[in-house]
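> Just need the structure, nothing else, for what follows:
(chains A and B)
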Amino acid sequence: MKALILVGGYGTRLRPLTLSVPKPLVDFCNKPILLHQVEALVKAGVNHVVLAVSYMSELLEREMRVQEQRLGIRISLSHEKEPLGTAGPLALARELLDVDNEPFFVLNSDVICDFPFQDLLQFHRNHGKEGTIVVTRVEEPSKYGVVVFEAESGRIHRFVEKPQVFVSNKINAGMYIFNPSMLGRIQLRPTSIEKEIFPVMAEEGQLYAMELQGFWMDIGQPKDFLTGMCMYLQSLRQHAPDRLRTGPGFLGNVLVDPTAQIGENCTIGPNVTIGAGVVVEDGVRIKRCTVLKAARVRSHSWLESCIVGWSSSVGQWVRMENVTVLGEDVIVHDELYLNGANVLPHKSISESVPEPRIIM
Amino acid sequence: MRKYASVKNSKLHPSPYFKQKQNIGYLFNMLKAVILIGGPQKGTRFRPLSFEVPKPLFPVAGVPMLQHHIESCAKVPNMKEILLIGFYQPNEELTRFLFNAQQEFKISIRYLQEYAALGTGGGIYHFRDQIISGGPEAFFVLNADVCSAFPLAEMLSFQKEHGEPNSFVILGTTANRKQSLNYGCIVENEETNEVLHYVEKPSTFVSDIINCGIYLFNPDIFQHIGTVFQKNQQEMLLEETTNGWHRAEAIRLEQDIFTALAGQGKLYVFKTLHFWSQIKSAGSAIYASRLYLNQYHKTHPERLATNKEGGPKISGNVYIHPTANIDPTAVLGPNVSIGTGVTIGAGVRVRESIILHGATLQDHCCVLNSIVGWDSTIGKWARVEGTPSDPNPNDPYAKIDSETLFREGKLTPSITILGCNVTIPREVIILNSIVLPHKDLNRSFKNQIIL
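Okay, here's the model as predicted:
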């Protein structure tokens, strides 16, 4: 089977991390975002993944070769030279997708959840129509576009953008499965799948909704990246608790790469991810953070709700909080206070940032 | 519970510096010193610290503010008596301090309580009989709320060499033009050092030489104050209202005496290059601590902590009371004073701060530019941080700002102060805030006064 992942462009919302690495390769809970998705697709029987990108990255290409070997599948890159919207990329990759008359998956690259690809395939085959989209339940539906569908069958009636009154609390979760015939609906021009393609399909009774069970998050920006991390770790606790680190000094759900070193008298967690080769010195307190590969957190520091970029160094007695994000190779000097600082790569910080701002 | 460092633990070491000055002092037969210590209505900028202890007893560089004055006065040969004048009610701390100081320095030290706030001139005038009893040739008058090297012996030799035998001397120092407006400004005759003109806190620039609040007088001064006193009394009869400054007996040396004496050949200014600072606000107490701790290299090296086996890491000048209990993994300094019975846990960082007696700093916490009140507790990994208000280090004449608490409706970032018995929970940040005594906080605070 085939799958198309809408990777898109520069990933500007996840800067400064995406200034060093293309978004699909940013580590989420110690594994590149893209790999979470690709591995789940492979488990569901996909043997060819197409990445729809609008910006070519050598790094991405190289990494995909590695994963091809490792997973034993084929990975292609479909490069849109001009913006094609959310549906156009499907048309661009038509030749890769319209093969064997088998349905293909499409997903948004920012989505993290307990990927239900097998269930989705089954559900789609059962109703036999042209397309199925995964929906998820949210607390504030009026911030998004909601999906109105029949509860029993899943048949979608209509979509409503940012409804003023409560219509439904289910939104498009950014994961679909289509029959190749659906590609005939899309022209090779900038097209919105939600605004132009889906409503027509729904009208014709060809579009169904499958409700996602479990957690869901769009991790395209740091604040949501951290929330998604908490959800994912909680899911790990339920399905694969031995992957989590426990013991004295560890609270709640904590994921630590085996090559990381944690000092004495630390308290790590809840909701912390520590990457490969990270060094955490003595007396450190970390809560609700992602610490990326090879970073170092020096002694007695206190971190909450932060992302520490690859190879960065956080000094002694530093306090960082409120979605402070350090890009790659950032040095934070001793005894500083960073509150909501967004620090670009290779920066050296020698003054406190008491109020949220961007450090270029 | 003792609220100030024991005077007993300080020792006077004769140093070459001291011996040299001794000879000059014998020019005078008998000397006294008067220290003006103010009262509770004064020094409101020192709240909430002044709620617990009279400001003159607040520890600066490990010992009560006044002790620095008394040590310097006691060093002057033929200093017979030190008189403290103020309007604090007799209280336990003051009484105990005086008792200990007398034991330590073996000199008569007495407190003369004003019946009302009489001003810097009115107080000494009211107690003139006490001051001149025994026939002192001259006497110093010092304000309690200044931090200084107290070059008293030099003032004495200067007095012998300038003006008439009974001239008066004001200690002066140089300020930058803008800041001079906050002080008493002195215009001098550069050849004779006579004070030609004196203005207290002018609104436009007058002179960059400012009044340090340290004077050398002789009994003649009382004639001049007496004249002003009589004049005031005449005016009182004409006026109907009486309040505060309108008392006849309330006389200010600066506005009422110096201004009149300027240009009469009686008043001289001795300019010092040694360190000097006012201590008006809590922030300036930290700055004053830095100046005195630095002076300890010369005057009291035994008061400076050193790096020792099994002791904390010391950076720069640090005072640690012997009864403090400090984990060897703590890092202290520069410019840190640790009071009696303080407990400091593992991995604690303290910099540019004063930790008052009985306080507890738990593991991994970080205290910067702050004053931690008596018996307060700071939880693990908490961060207590203030903003220093130091004078511009690039300007040699810059003085510490007399900070206003609010600017444009917002609290000016300043030293963080925790009053007595404040509890800071673990892992929070207290930034640029003032916490009143006996408060238990439950979250982080920034730029706030917490009642």
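
> Pull the contacting residues for residue 274.
I'll assume chain A. Residues near A:Ile274 by C-beta atoms under 8 Å, 6 or more residues apart in numbering or on different chains: A:Asn30, A:Val254, A:Leu255, A:Val256, A:Asp257, A:Ala260, A:Ile262, A:Ile268, A:Val280, A:Ile286, A:Val291. For every residue, glycine as well, the C-beta is placed using N, CA and C.

> not quite, I wanted chain B
B:Ser148, B:Ala149, B:Pro151.

> Let's have these in CSV, adding neighbour count and pLDDT.
Shown next, in CSV, are the contacts of B:His274 (neighbours: other C-beta atoms under 10 Å in any protein chain shown; pLDDT from 0 to 100):
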residue, neighbour count, pLDDT
B:Ser148, 26, 96
B:Ala149, 18, 96
B:Pro151, 20, 97
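
> can you list these in JSON lines and add secondary structure and distance to chain A?
Below are these laid out as JSON lines (DSSP: H, G, I helix; E, B strand; the rest coil; distance: C-beta to the nearest C-beta, whole Å):
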{"residue": "B:Ser148", "secondary structure": "strand", "distance to chain A": "31"}
{"residue": "B:Ala149", "secondary structure": "coil", "distance to chain A": "31"}
{"residue": "B:Pro151", "secondary structure": "coil", "distance to chain A": "36"}
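
> what ranges do the strands span in the stretch 51-200 of chain B?
B:59-60, B:63-64, B:79-86, B:108-113, B:138-143, B:146-148, B:168-174, B:184-188, B:195-200 (DSSP state E, counting those that start in this stretch).

> List every C-alpha atom in the fifth one, with coordinates, as CSV.
Pointing back at strand B:138-143 there. Only the C-alpha atoms of strand B:138-143 are listed here, as CSV (Å, rounded to 0.1, in the frame of the first residue of the first chain):
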residue,chain,number,x,y,z
ALA,B,138,36.4,68.8,69.6
PHE,B,139,33.8,66.2,68.7
PHE,B,140,32.8,64.4,65.6
VAL,B,141,29.2,64.2,64.5
LEU,B,142,28.3,61.2,62.2
ASN,B,143,25.1,60.2,60.6
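
> From B:Pro136, how far off is B:Gly333?
As judged by C-beta to C-beta, to the nearest Å, B:Gly333 and B:Pro136 stand 42 Å apart.

> out of the two, which sits in the busier spot?
Between B:Gly333 and B:Pro136, counted using other C-beta atoms under 10 Å in any protein chain shown, B:Gly333 has the larger neighbour count: 24 against 21.

> Name all residues that make contact with that one.
B:Ala305, B:Ile314, B:Ser315, B:Gly316, B:Asn317, B:Val318, B:Val350, B:Arg351.

> so what's the backbone phi/psi at it?
For B:Gly333, the backbone dihedrals (degrees, to the nearest 10) come out as phi 100, psi 170.

> In the biggest helix by length in chain A, which residues are buried?
Using DSSP state H, we find that the single longest helix of chain A is helix A:222-239. Across helix A:222-239, burial judged by 16 or more other C-beta atoms under 10 Å in any protein chain shown covers A:222, A:224-233, A:235-236.

> Over to stretch B:70-89?
B:70-76, B:79, B:81-88.

> Mean confidence (pLDDT) on it, please.
Across stretch B:70-89, the average pLDDT comes to 95.

> Can you pull the residues of the stretch 251-360 of chain A lying near chain B?
A:265, A:282-283, A:285, A:299-300, A:302, A:304, A:316-317, A:319, A:321, A:335, A:337, A:354 (C-beta under 8 Å from any C-beta of the partner chain).

> Most neighbours among those, which one?
Neighbour counts for these (other C-beta under 10 Å) peak at A:His300, which has 32 neighbours.

> returning to what we had before: and the contacts of A:Ile274, which is closest to chain B?
Taking C-beta to the nearest C-beta as the measure, A:Ile286 is the one of the contacts of A:Ile274 closest to chain B, at 10.5 Å.

> Tell me how many other residues surround that closest one.
28.

> contact partners of the host helix or strand of it?
For A:Ile286, the element it lies in under DSSP states H and E is strand A:285-287. Applying C-beta under 8 Å, 6+ apart, the contact partners of strand A:285-287 are A:266-272, A:274, A:280, A:297, A:301-305, B:364, B:380-381, B:427.

> mind listing what residue 136 touches?
Chain wasn't specified; assuming chain A. A:Thr136 touches A:Cys113, A:Lys170, A:Ile171, A:Ala173, A:Glu211, A:Leu212, A:Trp216, counting by C-beta under 8 Å, 6+ apart.

> should've been chain B
Neighbouring residues of B:Pro136 by C-beta under 8 Å, 6+ apart: B:Met30, B:Leu31, B:Lys32, B:Lys80, B:Pro219.
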